[in-house]
Every structure is written in C-alpha cells, then in structure tokens.
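> quick one: sequence plus predicted model below, questions after.
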Amino acid sequence: MSMSSKKNTTNSHRAAVLLCVKNGSKFIYKQLQSIFMQDYKDVDLYIMDNGSEDDSNKIIESFMFYHKEFFIQTSKGQNNHFANSYIQLYKSIEKKYNFYAFCDQDDIWNKDHLSRAILWLKKNHSKPSLYCSRTELIDSEDISIGFSPIFKREPSFKNALVQSIAGANTMVFNKKCAMLMDHIDTKKTIISHDWLLYLLSTAADGNVFYNQEPSVLYRQHDNNAIGSNKDLLSKLKRFSIMLKGGFDGYCYVNINLLKEYGYMSEKNKKIFKLFVSCYSNKGKLKRLLSLLRSGVYRQNKIGQIALYVNFIKKIKKIYLIK
C-alpha cells in the first residue's frame, strides 16, 4: 500500500527523485530537508521503504504532514539488494517524467544540485543523457572530511565496462536514459544501479557528463552500502579485490546483463565482444591483446595497472552468473 501527499500535477519540467530507505532514521530528515530546499522546485519524491525497523517511517510521515505542498509518495519494497530496489522503484512509478534523480537516505544535497544537472540535461535532450559528479565527503556530524577522487578521462563505454565513475547519489538523468532500465530483469544480480546506468547509457551512445565540482555531501559512516575510495588505503584495498577475483565477478554480472541488452550501438558491440573474449581466451598473451584491442580503460594509473595485471595473470574458469 502506498501513501502520498499533494496532487501530482503533470508538466514537462518535473523531476522524480527516487529514494530507497532502510533504517535511515539517523540522517534521513536532513536529506529530505535538502530535497525540499532545492532551488529547482518542480520535484516529486518517491520513497520505497525496505523493511525499516527504526523510526524512518515516522520521520517520513512527519515530514509529509508538515510539507503537504510537496508531492511525496511512499511504498513498501521487498527488502531486496539496494541496486535492485532502486530499479524496482523506478519501474513502479506509473507516470513518466522528463527528469529523474537517484537519492541516498543519509546524504545532503546542495540547493543547486538538481538545477545545474537539469540545465545540462535540457541542452542534451536528443539522446539518453546522464549527469553525475564528484562528491564532498562528510562525517556523521556533517563535517567535511575531503572529496571523492576526481576523474579527468572522458566517460565512455570503454570505461564503463571496467569502472563506475560516480555514485548514484549524484546521478540525474532524462527520460530517454531512464527508459534504458525498462527491460532490466530485477530478479537477476545487479552490482550497483549507478554502474548499471553508466553502462546502459554509454552502450547506447548516450551523453554522459561528469562534473568535477560536487553538489552532494556524501556521508561516510560504518553503515555505508558503498563508501568512497578517496585515500590510498581504499585504493589499495580495491586493487587487492581486483587481483583476488572480485573484479571478475562484478564484470561477469555486468556481462550477463549486457548480453540481453537491445540498445547497444554497433561500435560498442565490437568493443563488448573483444572485452568478453578477454575471459574466454586461455593464453595470457591472447587475453592481453583482446584487452588492448578493446581499448577499455580505468580512470587512474593504479587502476589501469591493476586491470592489465588482472588479465595477464592466470584466470580460473568461472561460469557466467545468471
């Protein structure tokens, strides 16, 4: 059963903000307030609760009571993996919007987060278009503790195959981009909805813009589903995960989703085929040659070195995840 406040009026400028919640009572009010305080006012908020056992729902209900002029619709989720839940939430919305934004329960948006993203999207409306950005990191007391890594290489399908460059909490996208998720089977394994949307949009030759100036305060705490990799220790940890085979597992999941994807351009189909052959070729040299021919790349030198090492070393046969 769902609950909503305010009548949802249709116009071409409205944005749907998608927020999945689970035990977010400690920080969710500040996030809700930051959405309400956006200088872009044509916003509808959709919230899916995935079995919260704290006061999250009471806080949401209170917020709805005191902000009746703000359209908010709530629903109960199935307590699935967070990535699957976000795509399920998108699919559950009957109305189609021109703009969509993913939102996390424990962050804070700067007041211009939506306006600057939508300004770019309006200028890039002819294709699937995805806006994302760097984040400013804050602790549990809202104190700034740095920034997420800055990425300077061009967003592309060649990059998306091996890396997600921005958190979903920064992503704002147009209707054409959102519709790429329509045929994703949410019963299948999904690593993360941000990586998936980056893959889908670039595979379809869509527009992707990565803003190096942050407009989201990304909270770092013990319960983060995915934290930032801003420091050397975090980068080395991810390097180790890659060499131990964790990266291959992520890629297998993405490969299986892309195998059934019907919007990949002919150019990207060739790149995808070469990348998949990196896993099927038995010899180290053949794997490396396939990797080089595909042109796939990560955003920094450490990541690129780890990528090469991963495909040079002996890879055990792993069946693709269904």
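All right, it came through fine.
> just the strands from the protein, written as ranges.
Secondary structure of the chain (DSSP state E): strands located at 3-5, 15-21, 43-49, 72-76, 99-103, 108-109, 129-133, 136-138, 144-147, 172-174, 207-211, 216-219.
> nearest to Ser280, of those strands?
strand 207-211 (28.3 Å; Cβ to Cβ). Yep, even glycine has a C-beta here, placed from its N, CA and C like the rest.
> just to revisit the earlier point, a markdown table for the strands of the chain, including mean pLDDT?
Output for the strands of the chain, formatted as a markdown table (pLDDT from 0 to 100):
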| stretch | mean pLDDT |
| --- | --- |
| strand 3-5 | 74 |
| strand 15-21 | 98 |
| strand 43-49 | 98 |
| strand 72-76 | 97 |
| strand 99-103 | 98 |
| strand 108-109 | 98 |
| strand 129-133 | 98 |
| strand 136-138 | 97 |
| strand 144-147 | 96 |
| strand 172-174 | 98 |
| strand 207-211 | 98 |
| strand 216-219 | 97 |
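> now render those strands as CSV, adding distance to Asp185 and mean neighbour count.
Shown next, in CSV, are the strands of the chain (distance: least, Cβ to Cβ, whole Å; neighbours: other Cβ atoms under 10 Å):
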stretch, distance to Asp185, mean neighbour count
strand 3-5, 28, 16
strand 15-21, 18, 24
strand 43-49, 18, 23
strand 72-76, 20, 19
strand 99-103, 19, 25
strand 108-109, 31, 22
strand 129-133, 21, 26
strand 136-138, 34, 19
strand 144-147, 35, 13
strand 172-174, 20, 27
strand 207-211, 23, 20
strand 216-219, 29, 24
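> Gly295 is nearest to which of these?
Smallest distance to Gly295 across these (Cβ to Cβ): 16.6 Å, for strand 207-211.
> re the thing from before, the strands of the chain: which one's closest to Leu119?
Short answer: strand 129-133, nearest of the strands of the chain by Cβ to Cβ, at 9.3 Å.
> hmm, who's touching the closest one?
The set of residues external to strand 129-133 that reach it, using Cβ atoms under 8 Å, 6 or more residues apart in numbering, is 117, 120-121, 165-167, 170-174, 176-177, 194, 197-198, 201, 206-216.
> how about the contacts made by the spatially most central residue of the chain?
Central residue of the chain (Cα atoms, centre = their mean): Asp194, 1.5 Å from the mean position. Contact partners of Asp194, counting by Cβ under 8 Å, 6+ apart, are 102, 132, 164, 166-168, 171.
> how far away is the closest residue to it other than its chain neighbours from Ile87?
Computed as Cβ to Cβ, 6 or more residues apart in numbering, the closest residue to Asp194 that is not its neighbour in sequence is Ala168, at 3.6 Å. According to Cβ to Cβ, to the nearest Å, Ala168 stands 11 Å off from Ile87.
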